[in-house]
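below are the sequence and a predicted model for it; my questions follow.
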There are 2 protein chains.
Amino acid sequence: MSVEEQDTKTTDTAGLEVLDRDECLRLLAQAPIGRIVFTDRALPAVQPVNFTMHGVDIVIRTSPDSKLARATRDTVVAFEVDDYDVQGRTGWSVMVVGLGRAVTDPGELAVLEELPLRPWAPGRRSHFIRIVTDIITGRRIPS
Amino acid sequence: MSVEEQDTKTTDTAGLEVLDRDECLRLLAQAPIGRIVFTDRALPAVQPVNFTMHGVDIVIRTSPDSKLARATRDTVVAFEVDDYDVQGRTGWSVMVVGLGRAVTDPGELAVLEELPLRPWAPGRRSHFIRIVTDIITGRRIPS
């Protein structure tokens, strides 16, 4: 990142402040919940999940026979985190687009199982999905 | 709704409590922010917006030349609201699927302009999008 980029806040055509990649990754790392966007029977679908980061990738735990597991396998998905202050009418959002991948490699599974990722929902969640981050974008409503 | 349905909480295959339509509409009506899911240059995309309800439909204000306005015109989109308690590891989400429609009828515009919907983001937001609600689903993590 150049000094210029650090000092100047870029805004998009909608007047929102554009967040740089480092800021997006910082916000992703501290968000407890994100929303995964996929296609379910040819219709758009979105589901909140808790998650963790592994490098720049998103890691989610679910059950192997879940709709989410089926719908995100070898498919490009979006993933979103945000936070809002209703009183201040301000907030930010970060979106990742990347390939959803079922983790099956034993070595990779062993690494992911050590991550601090405990599903909120009940039931056995032995299946790991990795979203291999390709595009990261973020916006903030300027205060 | 039958008395049985009122008294018995249904759970889905993932162990989440299934919310009925009335509960979903109640939660939608009180959420300040939702996330609209659409396709942007053949990739999944998601963008948070403030909104209001008109009947069972979702109403959003944006600028007429925004990406959101273009991407949601006469297209099936999803819309999601949720709320989470990180400490309690619990929460709920509601998803609407429906046809996105640019509102152009002067009578309909006059009605929507009276709704309590003031955009958070800067700039002129004279364009109204209505999501004509078709499917409503909701889930809650049982406590």
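In hand now; what should we look at?

list of residues touching the biggest helix by length in chain A?
The helix that spans the most residues within chain A, counting by DSSP state H, is helix A:21-30. With contacts defined as CB atoms under 8 Å, 6 or more residues apart in numbering or on different chains, helix A:21-30 is touched by A:1, A:19, A:34, A:53, A:56, A:58, A:81, A:83, A:92, A:94, A:96, A:136-138. In short, each C-beta sits where N, CA and C put it, glycine included.

quick one, what contacts the residue most central in space within chain A?
Centroid-nearest residue in chain A: A:Phe79, 3.9 Å away (criterion: CA atoms, centre = their mean). Shown in contact with A:Phe79 (CB under 8 Å, 6+ apart): A:Gly34, A:Arg35, A:Ile36, A:Val37, A:Phe51, A:Ile58, A:Met95, A:Val96, A:Val97, A:Gly98, A:Ile131.

in strands, which of those residues appear?
Judged by DSSP state E, those include A:Gly34, A:Arg35, A:Ile36, A:Val37, A:Ile58, A:Met95, A:Val96, A:Val97, A:Gly98, A:Ile131 as members of strands.

still on that earlier bit, taking the contacts of helix A:21-30, please make a PyMOL selection of just the buried ones.
Remark: buried members of the contacts of helix A:21-30, expressed as a PyMOL selection using 16 or more other CB atoms under 10 Å in any protein chain shown:
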select buried, chain A and resi 19+34+53+56+58+81+83+92+94+96+136+138
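
which positions in chain A make contact with chain B?
For chain A, the residues in contact with chain B (CB under 8 Å from any CB of the partner chain) are A:13-16, A:32-33, A:35, A:37-39, A:43-48, A:63, A:65-67, A:76-78, A:80, A:82, A:84, A:86, A:89-91, A:93, A:95, A:97, A:120-123, A:135, A:141-142.

I'd like to know which of the ones in strands among the contacts of A:Phe79 are buried.
A:Gly34, A:Arg35, A:Ile36, A:Val37, A:Ile58, A:Met95, A:Val96, A:Val97, A:Gly98, A:Ile131.

ok, which pair from these is furthest apart?
A:Arg35 and A:Gly98 (14.3 Å; CB to CB).

next up, phi/psi of the closest residue to A:Leu16 other than its chain neighbours, please.
For A:Leu16, ignoring the flanking residues on the chain, the nearest one in space by CB to CB, 6 or more residues apart in numbering or on different chains is A:Arg139 at 4.1 Å. Phi and psi for A:Arg139, reported as degrees, to the nearest 10, are phi -140, psi 150.

lovely, talk soon.
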